[in-house]
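**Student:** Structure for the following, please:
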Amino acid sequence: MTVEQNISFAAELRFPQATMAMETPIRSALVRAVLIAFAIAATGCRPRPPRAELPRVIAHAMGEVDGQKYTNSVDAWSANYGKGCRLFEIDLWITSDRQVVAFHDGLESRFGLPRGFSHAEFMGTRIFGQYRPLDSDGIARLLSEKRDWKVVTDTKSDLGLGLEILCRSLARRGVPCTDRVIPQICRETDLPIVERLGFRQVIFTIYLSRLEDREIVKIASAHPQIVAVTMPPPRANEAMVQALLDVGVRVYVHTVNGAAMSLQFRRGIWGVYTDDGCGSAEATSTGSRYPERSGRKRRRIRRRRREHPVVNVDRIAAFARERAAALASMSTPAAA
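**Tutor:** This next block holds a predicted model:
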C-alpha cells in the first residue's frame with residue numbers, strides 16, 4: 001500500500017470527519033501531520049503483498065519423465081501437467097536457421113544432434129530415442145489446448161529474438177503471450193528487452209550473478225515487474241529472503257527434488273524449481289499471502305513488535321505536534 005493510500009485509509013479509520021478533506025487540501029496542520037504519521041507507520045511495519053500470485057512448484061525443463069530430466073518434451077509436459085503442475089520452465093534455444101526449440105544447451109551429444117543443428121534436424125529427432133521434441137509452434141499448441149498453465153522461459157541464446165519468435169507463434173493461435181509467458185532475466189540490463197515486448201512480469205535469476213545481496217534487493221525493489229527472484233539454495237540466506245519478501249517479491253530456489261522440497265518450504269522459501277515434485281501438495285498451491293514462519297522466527301517477530309509497536313499513540317501525537325508547529329511557522333510571515 002502506498003503512502004497516499006495509507007493516508008486515505010487512516011483518514012477513514014481514525015478521522016471520518018476528515019475524509020471529505022481528502023478531495024481538497026487539508027487545512028488543519030495537525031490533522032495533516034497525524035495522517036502522515038499513520039501512513040509512515042502503516043507503510044513500514046509489515047511486508048508488502050506479493051506482486052503476483054504464483055504456484056509454489058515450477059516444473060524444471062518441463063519436469064522429468066520416466067526418470068529422464070532436461071527433455072523439455074511434449075511427454076514431460078503431459079506427465080507433469082497430469083500430476084498437477086501449472087507453471088513450467090522451458091529452455092529455449094535458437095537453431096541455426098533462426099527458429100525456437102525447447103532445448104538445453106550442451107546436450108547435443110546426448111540427444112544425437114550435431115553442433116549448430118537446424119530446426120528440421122531437431123524436430124526430426126526423438127529425445128533419448130523416444131520423447132517428442134517441442135518448438136515454438138508446439139508450445140503454442142499446448143498453451144492453446146490447456147488454458148490453465150503458464151510458461152517460464154529460460155532463454156539460452158538471444159533473449160529478445162527468442163521471445164519475439166515464441167510470441168509470434170502464440171499470436172497465430174490466439175494466445176496472449178504476455179499473459180501466459182513469464183520470461184527469466186539474468187541481469188538488470190535485460191529489463192528493457194522484455195519491457196519493449198510488453199511483458200509485465202519477469203523472474204530474476206541470479207545463479208550467474210556476482211552482485212551482492214543488497215544489490216539484488218535494490219534491483220528487485222526498483223522494478224515492479226520483477227515478481228520473483230530465483231537462486232541456488234545456498235544463496236537464499238534468511239536476510240535476503242526476508243528483504244525480498246518485504247517488498248513483495250517471491251523467492252524460488254533451484255533445482256530441488258524429493259524430501260529437500262519440504263526443507264526449503266520450512267525455512268521460509270516460497271517456491272522451488274523441481275524435476276520430480278509435480279505430484280506434491282504444493283504443486284498447484286499459491287499458498288497464503290506470506291510464507292509460514294518457524295516458531296523461533298515468530299517469537300523473534302513478536303518481541304520486535306513489542307519493542308517497536310506498529311502504532312505508538314504517544315509517539316504519533318508528539319510527531320503531530322512537532323509537525324503542526326513546523327507547518328505553522330512556515331505559514332506565518334516573518335516579522336519585519
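**Student:** what comes into contact with stretch 174-193?
**Tutor:** 87, 89, 140, 143-144, 150-155, 159-160, 163, 166-167, 170-171, 194, 197-206, 208-209, 219, 223, 225, 227, 230 (C-beta atoms under 8 Å, 6 or more residues apart in numbering). From N, CA and C alone the C-beta is placed, and that goes for glycine too.
**Student:** so what's His60 up against?
**Tutor:** So His60 contacts Lys69, Glu89, His254, Thr255, Tyr273, Thr274, Asp275 (C-beta under 8 Å, 6+ apart).
**Student:** Would you reformat the residues you listed as JSON lines and include distance to Gln130 and secondary structure?
**Tutor:** Shown next, in JSON lines, are the contacts of His60 (distance: C-beta to C-beta, whole Å; DSSP: H, G, I helix; E, B strand; the rest coil):
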{"residue": "Lys69", "distance to Gln130": "14", "secondary structure": "coil"}
{"residue": "Glu89", "distance to Gln130": "22", "secondary structure": "strand"}
{"residue": "His254", "distance to Gln130": "26", "secondary structure": "coil"}
{"residue": "Thr255", "distance to Gln130": "23", "secondary structure": "coil"}
{"residue": "Tyr273", "distance to Gln130": "24", "secondary structure": "strand"}
{"residue": "Thr274", "distance to Gln130": "22", "secondary structure": "strand"}
{"residue": "Asp275", "distance to Gln130": "18", "secondary structure": "coil"}
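**Student:** closest to Leu134 among these?
**Tutor:** Glu89 (12.9 Å; C-beta to C-beta).
**Student:** Let me know the pLDDT of the closest residue to that closest one other than its chain neighbours.
**Tutor:** Excluding the flanking residues, the one nearest Glu89 by C-beta to C-beta, 6 or more residues apart in numbering is Val152, at 4.4 Å. Per-residue pLDDT puts Val152 at 98.
**Student:** same thing with the one 4 residues further on?
**Tutor:** We note a pLDDT of 85 for Lys156 in this prediction.
**Student:** Count the residues that sit near it.
**Tutor:** Close neighbours of Lys156, defined as other C-beta atoms under 10 Å, add up to 15.
**Student:** State the distance from it to Gly138.
**Tutor:** According to C-beta to C-beta, to the nearest Å, Lys156 stands 17 Å off from Gly138.
**Student:** circling back to that earlier point, reformat the contacts of His60 as CSV; add pLDDT.
**Tutor:** As requested, the contacts of His60 are exported to CSV (pLDDT from 0 to 100):
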residue, pLDDT
Lys69, 97
Glu89, 98
His254, 97
Thr255, 97
Tyr273, 98
Thr274, 98
Asp275, 98
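**Student:** Make JSON lines from the residues you listed and add distance to His60 to it.
**Tutor:** Shown next, in JSON lines, are the contacts of His60 (distance: C-beta to C-beta, whole Å):
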{"residue": "Lys69", "distance to His60": "8"}
{"residue": "Glu89", "distance to His60": "5"}
{"residue": "His254", "distance to His60": "6"}
{"residue": "Thr255", "distance to His60": "5"}
{"residue": "Tyr273", "distance to His60": "4"}
{"residue": "Thr274", "distance to His60": "6"}
{"residue": "Asp275", "distance to His60": "5"}
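**Student:** Arg132: neighbour count?
**Tutor:** Neighbour count for Arg132, taken as other C-beta under 10 Å: 16.
**Student:** ok, it - contacts?
**Tutor:** Residues in contact with Arg132, defined by C-beta under 8 Å, 6+ apart, are Ser73, Val74, Asp75, Arg126.
**Student:** again, but for Leu113
**Tutor:** If you count contacts by C-beta under 8 Å, 6+ apart, Leu113 has them with Glu121, Phe122, Thr125.
**Student:** who wins for neighbours among these?
**Tutor:** Phe122 (22 neighbours).
**Student:** State the phi and psi torsions of that one.
**Tutor:** When read as degrees, to the nearest 10, the backbone of Phe122 gives phi -70, psi -50.
**Student:** Could you do Ser73 as well?
**Tutor:** The phi/psi pair for Ser73 (degrees, to the nearest 10) is phi -110, psi 170.
**Student:** Many thanks, I have nothing further to ask.
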